[in-house]
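Engineer: Sharing a model prediction with you, sequence too.
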Amino acid sequence: GFFVALVIAWYHGEKGRQRVSGPELLMITVLLVIAGGVLSMLGRESRTVQPEEPPDSGEVEDVAAVLNRMPGIAVLPFENRSGVPDDQYFTDGIQDELLTRLSRVPGLRVPSRTSSNEFQDIEGRVIPEIGRQLRVDYVLEGSVQRAGVRVRINVQLIDAVTEDHLWADLYDRVLTTESLFDIQSEIVRTVAGQLNIELREEERLRAARRSTTDLVAYDLFMRGQSLGRGRSEEALSLYQEAVERDPGFVGAHVALAKGHAYQYHQVGLRSEERGAAARAAAERAVELAPESEDAQLAMGIYLYRVEKDYEAAVDWLGRASGTLVGDYGYHYYRALAERRMGRWREAAASLEAALALSPRSSSDWVQLAITYTRMRQYDKAETALVEAQRLGSDETVRFLAELAWYRDGTTEGWKPYLEGNPTNRWAWEILMTEGRYEEALAFLDTQPDVVIGQFWWYPKALLEAETLEALGQITAAQQKYEDAVRILEPLARETPEDERYHAALAQAYVGLGWPDEAVREAIWAVEIMPRERDAMNGPFFLLNLAAVYARLGAVDDALEVLEDLLSAPSKHPANMLEDHFRLRPIQDERRFKALMDRERDRVF
């Protein structure tokens with residue numbers, strides 16, 4: 001409009017005419033056309049210069065960056081001043097509760113208990129060094145003294161760089177659950193104020209939550225938390241006692257759900273009763289406190305570990321994501337669920353976010369390495385394993401051996417690991433891969449009658465049968481295959497949804513020369529646990545099916561399955577498959593070698 005007015009003013013000059021003439025209308029029209037064309041060109045130009053596309057892994061990468069920029073505070077292990085060593089569980093429980101509550105304060109980064117507790121028994125703590133190792137700006141430390149009916153909690157907030165004491169207080173109260181929760185709430189509000197973080201009303205209410213009014217139930221709960229990372233059978237018994245005393249104790253129901261789910265998934269105790277116990281505890285926690293982030297986390301963990309409904313698990317985990325952005329468990333379990341869903345980049349980014357909250361957790365660095373290994377991003381995997389090794393991980397040697405096997409096709413790296421773990425199940429597979437069958441058979445004498453894991457349930461008889469067959473002892477192998485079938489068939493009938501029984505049966509049937517039964521069971525295992533349902537475990541059952549086809553001489557079918565297997569991340573890259581003992585019948589095939597060569601350098 002300004003330029004139109006300028007041109008019209010120029011045209012008028014000193015004539016002083018006030019009405020628009022024909023020439024003026026023509027000039028206005030021409031100017032508008034030119035302006036429209038210019039704006040259109042500018043618009044097209046502006047759309048060609050787009051900001052960089054967000055990474056495939058989505059917003060979680062930004063979460064890790066945001067977390068690393070937040071002010072960090074470490075809640076170090078508190079000192080037990082009760083004069084009773086057995087009271088350490090109570091002291092640890094107070095520290096753990098404070099850590100959890102502070103992790104829910106928006107804008108604050110709180111390293112996980114795993115990382116902070118590395119400094120449990122260090123004499124003369126050097127605060128700046130602790131701050132550097134945990135990547136925090138502040139440290140909260142204190143002591144707990146329980147004496148009769150009273151409790152005394154002393155806390156101090158310290159600048160991790162200057163070692164200045166910013167705030168300290170002593171809380172001396174009658175020992176009740178109300179007083180314990182009130183003290184914790186006051187500490188959280190005061191720390192937030194000291195760090196200039198203003199809590200909104202709902203955040204103050206969250207900090208003031210009381211999960212039980214029964215002191216004995218709370219004591220049982222804290223005892224359980226101190227045993228076997230709170231997931232042992234003994235811990236579960238204590239949680240059960242706690243909820244029997246106080247059926248409305250949300251925290252104990254949450255711990256029960258997590259513990260039973262862990263036993264079901266990680267330990268492999270997949271009984272119907274175990275799964276039902278995990279579900280009942282998670283549902284009760286949500287029923288009692290639908291707004292509780294801990295209850296929502298418990299339901300997400302149950303769905304992940306027992307139901308294997310990963311979409312629903314991520315949904316439940318995400319319901320309180322705004323509140324849980326500073327919660328280590330949220331990012332960790334989200335990563336595990338995303339990985340099972342085949343969202344590998346998102347999973348790696350979620351693990352990076354978890355590590356921002358747990359930088360000293362060697363096991364989390366191992367999980368990041370596992371993720372990158374499956375994606376065949378071996379350099380990143382090695383970097384993560386080196387960090388885990390620096391932090392003292394006992395698992396690192398094994399995963400470095402696995403990495404070298406997958407990347408370079410060599411099993412040499414297994415030697416130091418297996419020397420230190422002579423009865424580990426991996427020894428049998430490596431010995432079979434290297435063709436050392438006599439040693440593999442001798443090794444099986446060290447194994448239990450059943451070898452159990454997340455994606456296998458092998459009677460020792462089955463492994464002995466395969467080894468004897470490789471040694472050419474066919475009659476003895478046949479007897480062992482029959483023993484394995486007698487063990488597996490009733491289990492497959494009683495628990496038809498457990499893919500592990502069907503996969504093992506397939507190998508036993510193929511060893512007995514029963515092709516139709518072997519293929520049926522192997523396909524059944526894949527259908528129960530397809531890769532689309534579980535991107536971590538599903539590929540194992542594809543390999544199992546390919547091995548059945550290979551041993552039956554169905555080369556085309558075996559290669560079709562292997563091509564599918566290699567088309568997505570898994571722990572079965574080409575370098576591993578071309579030496580796998582169950583694929584020996586087809587490894588000299590030209591098409592097999594061509595497939596391995598084509599897929600060897602693929603990266604996801």
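Structural biologist: Perfect, I can see it now.

Engineer: Okay, and V139 sits in which element?
Structural biologist: V139 belongs to strand 138-147 when elements are defined using DSSP states H and E.

Engineer: Beyond that strand, next helix or strand please.
Structural biologist: Next helix or strand after strand 138-147 toward the C-terminus (DSSP H and E): strand 150-159.

Engineer: Would you mind pulling up the elements that that next one packs against?
Structural biologist: Strand 150-159 makes packing contacts with strand 138-147, strand 165-174, helix 177-194 when contacts are defined by 3 or more CB pairs under 8 Å, 6 or more residues apart in numbering; DSSP states H and E. For the C-beta atoms, the positions are set from N, CA and C on the backbone; glycine is no exception.

Engineer: That one pairs with which strands, parallel or anti?
Structural biologist: Strand 150-159 has these partner strands in its sheet, going by DSSP bridges: strand 138-147 (antiparallel), strand 165-174 (antiparallel).

Engineer: Just want the angle from it to helix 177-194.
Structural biologist: Angle of strand 150-159 versus helix 177-194, following axes from the mean of the first three to the mean of the last three CA atoms, to 10 degrees, is 10 degrees.

Engineer: chain center to strand 150-159, what's the gap?
Structural biologist: Here strand 150-159 is found 33 Å from its chain centre; the criterion is CA atoms, centre = their mean, to the nearest Å.

Engineer: Tell me the spacing between the nearest residue in space to Y330 that is not next to it in sequence and S271.
Structural biologist: Using CB to CB, 6 or more residues apart in numbering and skipping the chain neighbours, the partner closest in space to Y330 is L324 (3.8 Å). In this view, L324 and S271 are 31 Å apart by CB to CB, to the nearest Å.

Engineer: the more surrounded of those two?
Structural biologist: L324 (21 against 11; other CB atoms under 10 Å).

Engineer: Tell me where the stretch 351-500 of the chain has helices.
Structural biologist: 362-374, 378-390, 396-408, 414-420, 426-433, 437-443, 460-470, 474-494, 499-512 (DSSP state H, counting those that start in this stretch).

Engineer: now this protein, which segments are flagged as low pLDDT?
Structural biologist: 1-61, 121-124, 207-208, 268, 320, 322 (pLDDT under 70).

Engineer: what's the span of stretch 319-337 from first residue to last?
Structural biologist: Length of stretch 319-337, first residue to last, CA to CA, to the nearest Å: 15 Å.

Engineer: Residues touching that stretch, excluding its own?
Structural biologist: 60, 63, 66-67, 70, 103-106, 108-112, 206, 293, 296-297, 300-301, 304, 310, 313-314, 317-318, 347-348, 350-351, 353-354, 357-358, 364, 367, 371 (CB atoms under 8 Å, 6 or more residues apart in numbering).

Engineer: Not counting sequence-adjacent ones, nearest residue to V139?
Structural biologist: Per CB to CB, 6+ apart, closest to V139 is I158, 4.7 Å.

Engineer: Help me confirm that that neighbour comes into contact with V136.
Structural biologist: No: using CB atoms under 8 Å, I158 is not in contact with V136; the gap is 10.5 Å.
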